[in-house]
Each structure stands twice: as C-alpha cells, then as structure tokens.
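In: Here is a sequence with its predicted model. Questions after.
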Amino acid sequence: MTSAPSVLKPRPALLVLAYLAFISLGLPDAVLGVAWPSLRATFGLPQTGMGAILSTAAVAYFFSGLLAGRLMRALKLGLLLALSTGSVALGLAGYATVPLFALFLLAACFIGFGSGAIDSALNNYAAQNFGPKHMNWLHAAYSVGAALGPALMTALLTRGAGWRSGYAVIGATLGVLAITFLFTRRQWDGPARADGEVDAGHPTGSALDAVRRPRVWLQIATFFFYTGVEVTAGQWSYTVLTESRGLHTSVAGTFVSLYWGALLVGRILSGFIVERLGPVRMLRVCTGLAVVGALLFTLPSVPPVVGLVVLGFALAPIFPGLMSETPRRVGTDVSGHAVGFQVSAATMGVAALPSLAGFIAERWGLALLPPFLVACAGVLAVVHGVLSAVADRTATR
C-alpha cells in the first residue's frame, strides 16, 4: 500500500478555483425547499412529489460515486470536472425550462450524476494536494454556497421573477464554472504543489483492490453514519422541538438555524487548529463529542439549543477530516475509488437514517428520536474508533 504524499503549499490558482468550485456546487443543493411551493403549483403535484425529485437525484448521485474511480482513470481530472459540472448546469437548465414533470425528473438525473462525480473527484484531489486545513475551509465554502442558493431563490421569488429564474441563474453560474474547468483542465493534471510534484488523484489500483481492503469498508460505514447523524439532527430537530416539546415555531427555527450555523463556523475554526491538533486526534475528539451533543439534546433538563450547537460544532470537522485522511488510511493507489464509495455511502446515510427516524416517530412517537440520534452518534464513534485503531497506529499527525 502506498502512503499519502506530503502536502506542501498548493498552487494559488488551483486553490482559488477549488474554493469557487465548492461555493458554486453548494448553490443548488438547498434551493428545492424554497422553490417547492411554487414548483408544486406549476406542475400540480402532491407533497410527495418532492420525495420523487430527491430520490431520483440521490440514485443518480449514488451510482456516480460508485463509478467515480473508473471515471478518474478513464478521463483526466480537468476534463472530468468540466464534463460533470456541465452535466449539472444542463440539469439546472432543464429545471428552468422543461414543461413536464417527467422531464424535470430526467433533469434531476443529470444533476445527481454530475454532482456525484464532482464531489468524488474534487474531494479526492483536495485530500491529496491541499491538506486538512484547506479541506475544512473548502467544505465551509460549500456551506456558504448552500446558504446563498436559498437566499438567491427567495430574493427572486420576492421580486416576482418565478422559481424557474432562480434555477436559470444558478445553472448559468455552473455553466461558467464548467467552461472554466474546461480551459484550466491541464492545470488540474499538472503540478499541484510548490514542490512541482504531480498528484492529480488518478487511482492506479482497481475498484476490486479497494473493496478488498477492510479499511475502505470501515471508511464507508463511517461516512454512512456521519451523514445520517448530520441530516437526521438537521431535518427532525424542528419537528421534535415543536410537536414533542412544545416550543414556539420561531424559537425552534432559530435553534435549528444555530445548529447549521455551528457546522459552518466549526469548519472555519477547525481549519485554524487542525494542523496543530492533528487530523487524527481531531477526528477522535469530535466523534466522541458528537455523542455528548446528541445526549445533551436528549436530556430535558438541558436547553435543547445547547445540545444542537455542541453537536453541530462536533460534526463540523468530521466529513472534511475523513476525506483528507482517506489517501493515507486506505492508500493513494485506491483512494479515488474509496472516495467515490464514500460519497455513495454518504448519500445512502442521508436517505436511510432520517427515513428510519421517520418510521420510528410514526410507530412509537417523536420522543424516541433524540435517543435514536444518540444511538447513531454512538455507532459513528465506535466505527471510527475501530477504523482509527486499524489505520492510525503509526500516525504521527
């Protein structure tokens, strides 16, 4: 197994482009909730229609992640980024123009498939070339984009421009990014760091090599439970606070906003300390602290905002930290495949655990959701503990 390369100062031009890419890629991800009432009226859909959109995009995203390693081997990274971003831009253009809901779902396939490939390729490249500090800040940049998207859609709807115009503006932004990737594609395949070493993230091992390594499966499980915990807390806490604990809607909404804000601020702050504390130690601390945050949210004697904010801060560095450690933990020869598998597992976690939480709430009541969150956070800490025991024995960072 090859070891991860030492990460020196990255080339400024690529680093700036990477930050712009993460901001741009976050733009469409949280827009649907704002556009949904207008979109539903346009197509005459029931409320369940949103699930059809999300599921279609998620399935395409999942399969894209599985194929990401092969795509990285078949195409050079710059071309892959250009084509994948173009796919997302095309899908968004479809959202803005198609007259039938069936065609809208087809557009969702383009968005999901392109997003999965971009997510895998950019995260793998950043893990091997930018280091844990920039990895945290890159994911903070994604969060900025995810916050700007709904704000843009809201502003356009307020001015009477319509939901299609919002998707058109975001699609045009992604189209510009795709063209930028196309014209800078050779830079992504050339020297990325100050030492002139080339590490474009192309996997030299096969996908079969990757799945034969237990560390890859442990990484997959860790990503599954991480995203499941993050989204379950974010999507269900408002319902728990309003319908189970009787909080006013404005108070509950503020608490949920503080949870997502803690994720963003936590990623910014962790970028300043990760290289001093070390990514391995930070991951161990944060997975344990996530259990504490979930437990605090469960205790009725503790203000719920305390648990949510602690949980948000604890979760913030985990996803970028896991990504940055992937090449060292599983080997650079298969890290491209591993990152793709991890992205797919993260998508499954987003779909599975919040859905299971909904089943539990329907069957046994909302009061069981906070303990369920504690259990999931506990599994996350245990799985990562096993991964760390296997992969981090000789880690000095």
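Out: It's in.

In: In three-state terms, how would the most far-flung residue of the chain relative to its centre be classified?
Out: What lies farthest from the middle of the chain is Ser301; by Cα atoms, centre = their mean that is 32.6 Å. Using DSSP: H, G, I helix; E, B strand; the rest coil, the structure places Ser301 in coil.

In: any idea how far Leu295 is from it?
Out: 12 Å (Cβ to Cβ, to the nearest Å). (C-beta placed from N, C-alpha, C; glycine too.)

In: before we move on, back to that, please report how far the residue farthest from the centre of the chain lies from Val374.
Out: The gap separating Ser301 from Val374 is 15 Å, by Cβ to Cβ.

In: do the same with Leu356
Out: 14 Å.

In: Those two - which one has more neighbours?
Out: Higher neighbour count among Leu356 and Val374: Val374, with 21 against 14, using other Cβ atoms under 10 Å.

In: Please identify which helix or strand holds the closest residue to that one other than its chain neighbours.
Out: The shortest distance from Val374 to any non-neighbouring residue, by Cβ to Cβ, 6 or more residues apart in numbering, is to Ala294 (4.4 Å). Element membership for Ala294, per DSSP states H and E: helix 279-298.

In: ok, now Ala151?
Out: Applying DSSP H and E, one finds Ala151 within helix 131-158.

In: other SSEs contacting the very next helix or strand once past that helix?
Out: Counting by DSSP H and E, the element after helix 131-158 in chain order, helix or strand, is helix 163-183. Judged by 3 or more Cβ pairs under 8 Å, 6 or more residues apart in numbering; DSSP states H and E, the packing partners of helix 163-183 are helix 12-26, helix 32-43, helix 77-97, helix 131-158.

In: quick one: buried residues of helix 163-183?
Out: For helix 163-183, a neighbour-count test (16 or more other Cβ atoms under 10 Å) marks 163-171, 173-175, 177-178, 180-181 as buried.

In: Export that helix to CSV, keeping only CA atoms.
Out: Provided in CSV are the C-alpha atoms of helix 163-183 (Å, rounded to 0.1, in the frame of the first residue of the first chain):
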residue,chain,number,x,y,z
TRP,A,163,-38.8,29.8,-9.4
ARG,A,164,-37.5,29.0,-12.9
SER,A,165,-35.5,32.2,-13.0
GLY,A,166,-33.7,31.1,-9.8
TYR,A,167,-32.6,27.8,-11.3
ALA,A,168,-31.6,29.6,-14.5
VAL,A,169,-29.3,31.9,-12.6
ILE,A,170,-27.7,29.0,-10.7
GLY,A,171,-27.4,27.0,-13.9
ALA,A,172,-25.7,29.8,-15.6
THR,A,173,-23.2,30.1,-12.7
LEU,A,174,-22.5,26.4,-13.0
GLY,A,175,-22.1,26.7,-16.8
VAL,A,176,-19.4,29.4,-16.3
LEU,A,177,-17.7,27.1,-13.8
ALA,A,178,-17.8,24.2,-16.4
ILE,A,179,-16.2,26.4,-19.0
THR,A,180,-13.6,27.5,-16.5
PHE,A,181,-12.8,23.9,-15.7
LEU,A,182,-12.5,23.2,-19.5
PHE,A,183,-10.0,26.0,-20.1
